[in-house]
Structure formats: C-alpha cells, structure tokens
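Peer 1: Model the structure of this input:
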Amino acid sequence: MAESKKEQILNRYQHSHNYYQTIRDNSVDYYKKYRGWLNATTAKDYYKWRSKLFIPAVGRAVDGLLPDLMLTLFGPDPFFNVFPREKADVPTAKVMESLLAYQFQEADFFNNVSVFLKQMAIYGTSFGKVYWKKETRMVKTEVDVELMGIPTGEKEADEKNEVVFDGPIFEPIDFFNIYVSPKATSLEDTWVIHRSEKTLGEIKQLQKDGVYKNVDDLENYIMTNVTQNNYQDMERKNSAGFPTAIGTEEGDRRVIEILEYWDDKRKKVTTIAGRQVIIRDKDNPFGCLDPFVSVSLWSLPFELYGIGIVEKAGDLQDQLNSEVNQRLDNRNLKQNLILKVRRGANVNTRALVTKPGGIWLTDDMAAIEPVIIPDVGSSSSFAEEGLLKQEIEEITGVTKYATGSGSGGQSKTATEASLLSRAGSKGFALIIKQIEEMAIKPIIKKFYQLDQKFMETDKVVRIVGEKGAMFVTVPQDEIKGNYDFIPAASSQLIDKNLKVQQMINLLGITKEDPSFNRKEIYKRIWESWGYKDFDSLLVAQQPGMPGMPGMPGMGGMPTAGGAPVEPTGIRPGGPAEGGMPIMMGGGGNRP
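Peer 2: All right, here's what the predicted structure looks like:
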C-alpha cells in the first residue's frame with residue numbers, strides 16, 4: 001500500500017510538472033527581465049557588434065510597487081485590528097491583538113512578506129506557508145558540584161537545551177517549488193506538493209524529534225542519484241552564475257530532495273525523501289488548519305496563476321530595448337564608417353580604420369567612398385522611447401513618482417505627486433484589498449489558530465494605550481474566543497498629507513461652531529503626523545485660574561447658556577471693573 005501511494009504521489013508530481021511547464025519556462029524569462037539580462041531572441045541581438053543595453057523599466061516598476069505595498073499594508077501599528085464577535089470576548093480582544101502583534105514581530109513577518117510580495121510582482125502569483133516552529137540549541141553552562149548536598153566549591157560543565165524560538169511563523173515558498181493539480185482554480189480545490197531540500201543531518205534530527213521515520217533507508221538515496229537537477233529553480237540560479245551545489249557535500253551534509261504531499265482536504269500529509277522513501281505519513285499536524293496561502297497581483301477568472309508586472313509589460317520592455325539599441329547601433333555605424341573600395345585600386349584595406357589622426361594611402365582619391373547611413377537617432381527615436389516608458393507606467397500603474405524619479409521636469413506639489421503615485425489609483429486600492437483578503441487576513445487567522453493548538457507557556461505582551469505602555473500576561477489556556485481579524489491598511493489608502501489638509505480646512509470651516517470638539521481635531525492631526533503623545537503638549541490649568549477663551553482643552557469662559565465662546569482678543573471685564581481699557585501688544589484690551 002505504501003509503495004502504491006508513493007507512486008501515486010510521484011505521478012501527480014510529474015504530471016503537474018509537465019502541465020505547468022510553459023508557465024515555469026516563462027517565469028524564468030520574467031526573472032531574467034527583472035534582473036536586466038538581454039534576451040537575444042526577443043531583442044534581435046544576433047550580432048556581436050550590436051549594442052546590448054537593457055533598459056530596466058519592468059525592474060523599476062517592480063521595485064516601485066513593492067515599497068508602496070509594504071508601507072501601505074504595514075503603515076498602521078499594529079497593521080490589523082481584532083474585534084470580538086461575542087460580548088464575552090470584548091475584554092480579551094485587545095490582549096489578543098497585542099499577542100499577535102508581538103508574534104509577528106518575533107517571526108520577522110515584515111521581511112518575509114516583502115519577499116512574498118516581490119515574488120508576486122515578478123511572477124504574478126506567490127505562495128507562502130504558515131506553521132508552528134520550535135527551535136532549540138545546546139547551551140553550555142557551569143554548575144556547582146555538590147557532595148551529599150554540600151557545595152564543594154568546584155564547578156563542572158553542563159549542557160542543556162534552550163528554546164530559541166517557539167511560535168507561529170510565515171515562510172514564503174519559492175514559486176518553482178509548488179506543484180498543484182492541473183484542474184486547480186485556487187489552493188482550496190487542489191492537492192499541494194511542496195518541494196524542498198534538506199540535509200541528511202536535518203532529516204535525522206527531525207526523526208529524533210518524532211517528525212520523520214525510516215531515515216536510515218536514505219543513506220544510499222541522495223538527490224544526485226535519483227534526479228537530473230533540471231528544475232526551473234536550478235535553471236534560474238544557474239542563469240545567475242551560481243553552480244549547482246547539490247551532491248557536492250558528504251556525510252550528514254548531503255542534500256536530499258523532499259516532496260511534501262498534502263491532500264485536497266488537508267487532512268493528511270505524506271513526505272517522500274529522495275523520491276524513494278516515505279518518511280512521514282500522518283494526519284495533519286496542525287489539525288484542520290490549511291498551512292498554505294497564495295496571492296496574485298492581477299488574478300484571472302477560474303485560474304490559480306495570475307499575471308505579474310513583467311508579463312504584462314514584457315513586450316513593451318523588448319521594444320524599448322530594441323529602440324535604444326538600434327539608435328546606438330545607428331550611431332556606431334555612422335561613427336565607424338562602412339567603406340566602398342574599388343577593386344584593384346591598390347588600397348591597403350587593413351589600414352582603413354576610422355580613428356583620430358588616421359591616414360589612408362591611395363593612388364586614386366575616388367577609390368574609397370563611404371556608405372551613407374541614414375540617421376534614425378533623431379528626436380523621433382527619443383520620443384518613441386519616452387512613449388514606451390509612459391505606456392509601461394500606465395499598464396502597470398507604477399508611475400515615476402512611485403519609483404522616486406521625480407516629475408520629469410514638470411512642477412508638481414508633494415500632495416499632487418503623492419496623489420498621482422497611489423492615492424488616486426483605484427487599481428492600487430484594489431490590489432491592496434486583494435492582498436488583505438487573500439493573504440494578510442488568512443495569515444493572521446492561522447497565527448491565532450496555531451496559538452490555540454500549540455502555545456504551551458504563558459506570554460507576557462506589552463499593550464500601548466492612551467496612558468502609555470503596560471505589560472499583561474496571556475495565559476496559554478485563555479487563548480480562546482471568537483474574533484474578526486481586520487487588516488488596517490485600507491484606511492491608509494487616502495494620503496496622510498491630504499487627510500491632514502482636510503482636517504485643517506475643517507478647523508477653518510467650524511471656527512464659529514462651538515459644537516465641534518476642536519481638541520479632538522488637533523489630536524487627530526497630531527496623530528496623522530505619526531506622533532502619539534498629544535496630551536504631553538497641553539499645559540495643565542492651574543487651580544483657581546479661569547480658562548482663556550477658545551483655548552482647546554481648557555474650557556474658556558462660558559456664556560449665559562453655559563457654552564464656551566470663541567476668542568475675541570478682549571479680556572473679560574471692562575471700565576466698570578476699574579480703569580480704562582489699555583491696548584495690548586496682540587491687539588486685545590485690558591482693564
């Protein structure tokens with residue numbers, strides 16, 4: 001039975017590999033274009049003398065989109081909110097939010113998501129995995145030596161396991177290491193094979209930890225004996241100049257291919273090492289949790305794989321390279337003349353080299369004539385280059401403002417440039433929403449579910465509120481409750497500068513309306529600038545002294561109806577209180 005199951009998994013793996021071969025081959029080309037490597041077949045670069053420049057327009061678009069995505073998604077701190085679904089969970093919602101925020105920080109979530117989203121921008125689709133990780137290390141310490149319970153004053157070395165990390169983690173998966181059913185429209189309706197590589201020493205350690213079995217059978221089955229190293233991820237690395245390192249190590253450092261098969265319901269997981277031995281065949285160790293997530297930049301209906309920036313602008317990138325290289329080729333041809341030499345004219349053709357101070361000896365001045373090369377490097381070529389770059393910006397939605405290259409000589413305010421780059425883009429808002437719904441929200445939920453199942457010790461987390469920071473202990477047996485996990489990035493799609501300007505305009509509009517809480521507007525402006533210590537700016541009112549009219553947060557002088565009045569510049573009181581009013585420097589009157 002085990003043998004037939006192994007063959008079934010290997011057949012599915014090979015079938016998926018063959019079915020999606022075109023997508024994987026194209027993805028290697030997308031990788032090369034992002035790296036800026038000229039493809040001779042698409043750039044028509046067949047001759048050694050031709051120019052070989054690559055204008056990295058698609059690479060700049062990828063690098064321009066990524067900061068916008070990351071800063072929008074992770075602008076709020078924390079980048080999500082936890083809302084209780086039931087009344088009994090209200091007191092613990094803030095604690096759960098702080099616990100998850102702490103775990104995301106410990107798991108280096110920001111950097112891992114950066115890789116995850118960059119892969120999405122390049123290939124169109126990206127995959128990731130959420131699981132519980134426990135990492136320990138041996139620590140040497142010195143302990144006191146006792147004899148019959150009495151310290152002897154001597155010390156001896158001792159070793160013990162120390163927990164380095166124990167919590168949920170998110171890990172981006174190489175685009176080329178995920179294999180799914182040819183009928184897959186999403187990860188929810190397909191089995192998944194996650195391909196990876198581990199050393200024999202790592203596999204042995206996992207057997208000691210109770211994860212794997214049958215590891216002794218792997219001694220004669222290393223990866224180089226059973227595969228041809230023709231995977232697309234290997235080709236991608238080789239194209240970057242890295243040699244294949246598999247099979248070059250000995251002993252426990254030998255690298256073995258791991259195929260981790262998850263059925264379509266995620267109820268069981270089967271792991272095959274070296275395509276020979278089943279080293280795990282168990283129920284899902286995470287219970288009913290599906291560890292995989294995926295996201296697409298521009299998704300296609302009823303398809304798992306989406307479209308990325310490089311695919312969308314690939315043809316324009318090739319045309320841009322050709323336009324620039326042809327212009328340079330034309331310039332080189334005009335500077336390095338092509339000559340017509342009359343046969344039998346006694347001309348030394350080896351000396352016919354265009355260079356400063358060059359001398360050509362000939363008996364007949366009409367024996368040598370240059371071939372006239374038409375000038376194609378005129379302004380029309382530069383205009384065509386500009387139009388191609390503009391077209392790439394328009395179809396990808398990544399403008400020059402997002403890449404930091406400025407306004408191209410045109411005068412734009414900071415607010416206008418910011419609006420042009422992202423705030424005014426409905427397409428960008430849709431991308432953010434898709435990432436939240438397809439990846440960020442499921443990842444947060446999976447972290448919480450893993451906490452419920454695997455958290456064994458209490459956690460101390462810091463909660464920052466209006467009154468500063470406080471530390472709260474979260475008992476592991478109280479990780480329960482029904483919550484909604486809502487990413488907060490959507491509220492950041494309106495540019496902060498625009499929000500501040502709107503609130504400042506509101507202050508002007510409502511200056512005569514006492515029903516508005518002006519202190520709260522000041523506070524929101526202050527927090528929009530990224531600060532949180534607004535109360536420390538306010539001067540405490542001394543006891544017995546009346547508040548100045550119109551000062552936010554200090555009351556002011558009430559009218560007969562009890563409502564504060566706007567400042568008039570005149571101190572309350574008048575001649576009836578003694579003395580004639582005198583003018584102050586600020587224009588007010590004083591008794």
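
Peer 1: tell me the mean pLDDT over stretch 15-30?
Peer 2: On average, the pLDDT along stretch 15-30 is 93.

Peer 1: Counting neighbours, which bits of the top helix by length along the chain end up buried?
Peer 2: Among the segments of the chain that qualify as a helix by DSSP state H, the longest is helix 314-335. Across helix 314-335, burial judged by 16 or more other Cβ atoms under 10 Å covers 314, 316-327, 329-330, 334. For glycine as for every other residue, the C-beta is placed from the backbone atoms N, C-alpha and C.

Peer 1: Rank the residues you listed by pLDDT and give me only the lowest.
Peer 2: For the buried residues of helix 314-335, the pLDDT minimum is Lys334, 81.

Peer 1: Can you give the domain ranges for this structure?
Peer 2: Using automatic domain parsing, the domain parsing of the chain gives 1-35+174-289, 56-130+297-313+376-490, 495-546.

Peer 1: Can you check which of those domains gets nearest to Asp158?
Peer 2: Taking Cβ to Cβ, domain 1-35+174-289 is the member of the domains of the chain nearest to Asp158, at 20.5 Å.

Peer 1: hmm, who's touching the longest helix of the chain?
Peer 2: 29-30, 33, 38-39, 42-45, 49-55, 57-58, 310, 354, 373, 375-377, 381, 384-385, 388-389, 391-392, 395 (Cβ atoms under 8 Å, 6 or more residues apart in numbering).

Peer 1: Tell me where the stretch 51-200 of the chain has strands.
Peer 2: 80-84, 125-147, 150-173, 178-180, 192-199 (DSSP state E, counting those that start in this stretch).

Peer 1: helices and strands around the last one, which ones?
Peer 2: With contacts defined as 3 or more Cβ pairs under 8 Å, 6 or more residues apart in numbering; DSSP states H and E, the secondary structure elements packing on strand 192-199 are helix 2-19, strand 178-180, strand 255-262.

Peer 1: My guess is Val62 contacts Lys118. True?
Peer 2: Yes: using Cβ atoms under 8 Å, Val62 makes contact with Lys118 at a distance of 6.9 Å.

Peer 1: For the stretch 201-350 of the chain, which residues score under the pLDDT cut-off?
Peer 2: Scanning the stretch 201-350 of the chain for pLDDT under 70 picks out 219-251.

Peer 1: Okay, strands next: where are they in it?
Peer 2: Under DSSP E, counting those that start in this stretch, the stretch 201-350 of the chain gives strands at 255-262, 268-273, 277-283, 292-296, 339-341.

Peer 1: Looking at these, spot the one closest to Glu527.
Peer 2: strand 292-296 (30.2 Å).

Peer 1: Give me the contact list for the closest one.
Peer 2: So strand 292-296 is in contact with 116-117, 120, 124-130, 173, 186-187, 192, 194, 262, 304-307, 434-435, 438-439, 442-443, 446, going by Cβ under 8 Å, 6+ apart.

Peer 1: correct me, but Thr396 touches Ile309?
Peer 2: Yes: Thr396 is in contact with Ile309 according to Cβ under 8 Å; the separation is 5.1 Å.

Peer 1: all helices of the stretch 301-450 of the chain, in order?
Peer 2: Ranges of helices in the stretch 301-450 of the chain, per DSSP state H, counting those that start in this stretch, are 309-312, 314-335, 379-396, 414-418, 426-435, 441-454.

Peer 1: Take those and lay them out in CSV including distance to Arg462.
Peer 2: Below are the helices of the stretch 301-450 of the chain laid out as CSV (distance: least, Cβ to Cβ, whole Å):
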stretch, distance to Arg462
helix 309-312, 39
helix 314-335, 47
helix 379-396, 40
helix 414-418, 33
helix 426-435, 28
helix 441-454, 17
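
Peer 1: Quick check: which of these is nearest to Glu478?
Peer 2: helix 441-454 (10.3 Å).

Peer 1: buried stuff in the closest one?
Peer 2: 441-451, 454.

Peer 1: Can you lay out the residues you listed as JSON lines showing pLDDT and distance to Ile203?
Peer 2: Putting the buried residues of helix 441-454 into JSON lines (pLDDT from 0 to 100; distance: Cβ to Cβ, whole Å) gives the following:
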{"residue": "Lys441", "pLDDT": "94", "distance to Ile203": "34"}
{"residue": "Pro442", "pLDDT": "95", "distance to Ile203": "30"}
{"residue": "Ile443", "pLDDT": "96", "distance to Ile203": "28"}
{"residue": "Ile444", "pLDDT": "95", "distance to Ile203": "32"}
{"residue": "Lys445", "pLDDT": "95", "distance to Ile203": "31"}
{"residue": "Lys446", "pLDDT": "95", "distance to Ile203": "26"}
{"residue": "Phe447", "pLDDT": "95", "distance to Ile203": "27"}
{"residue": "Tyr448", "pLDDT": "93", "distance to Ile203": "31"}
{"residue": "Gln449", "pLDDT": "93", "distance to Ile203": "27"}
{"residue": "Leu450", "pLDDT": "93", "distance to Ile203": "23"}
{"residue": "Asp451", "pLDDT": "92", "distance to Ile203": "28"}
{"residue": "Phe454", "pLDDT": "89", "distance to Ile203": "22"}
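
Peer 1: wait, which of these is closest to Lys523?
Peer 2: Distances from Lys523 to the buried residues of helix 441-454, taken by Cβ to Cβ, are shortest for Ile444, at 28.2 Å.

Peer 1: my read: that closest one touches Phe80, true?
Peer 2: Yes: counting by Cβ under 8 Å, Ile444 touches Phe80, with 5.5 Å between them.

Peer 1: any common contacting residues for the two?
Peer 2: 100, 485, 487.

Peer 1: tell me the SS of the second one?
Peer 2: Right, Phe485. Under the three-state scheme (DSSP: H, G, I helix; E, B strand; the rest coil), Phe485 adopts strand.

Peer 1: for the closest residue to it other than its chain neighbours, what are its contacts?
Peer 2: In this structure, Phe485 finds its nearest non-sequential neighbour in Ile444, 4.2 Å apart by Cβ to Cβ, 6 or more residues apart in numbering. Listed by Cβ under 8 Å, 6+ apart, the contact partners of Ile444 are 80, 100, 485, 487.

Peer 1: what's the answer for Lys204, then?
Peer 2: Taking Cβ under 8 Å, 6+ apart, one finds 215, 252 in contact with Lys204.

Peer 1: Can you give me the distance of it to Val215?
Peer 2: 6 Å (Cβ to Cβ, to the nearest Å).

Peer 1: Quick check: the gap between Thr349 and Ile359.
Peer 2: For Thr349 relative to Ile359 (Cβ to Cβ), the value is 14 Å.

Peer 1: Could you do Asp77 as well?
Peer 2: 73 Å.

Peer 1: Ok, Arg50 next?
Peer 2: In terms of Cβ to Cβ, Arg50 sits 29 Å off from Ile359.

Peer 1: Repeat that for Lys198.
Peer 2: 69 Å.
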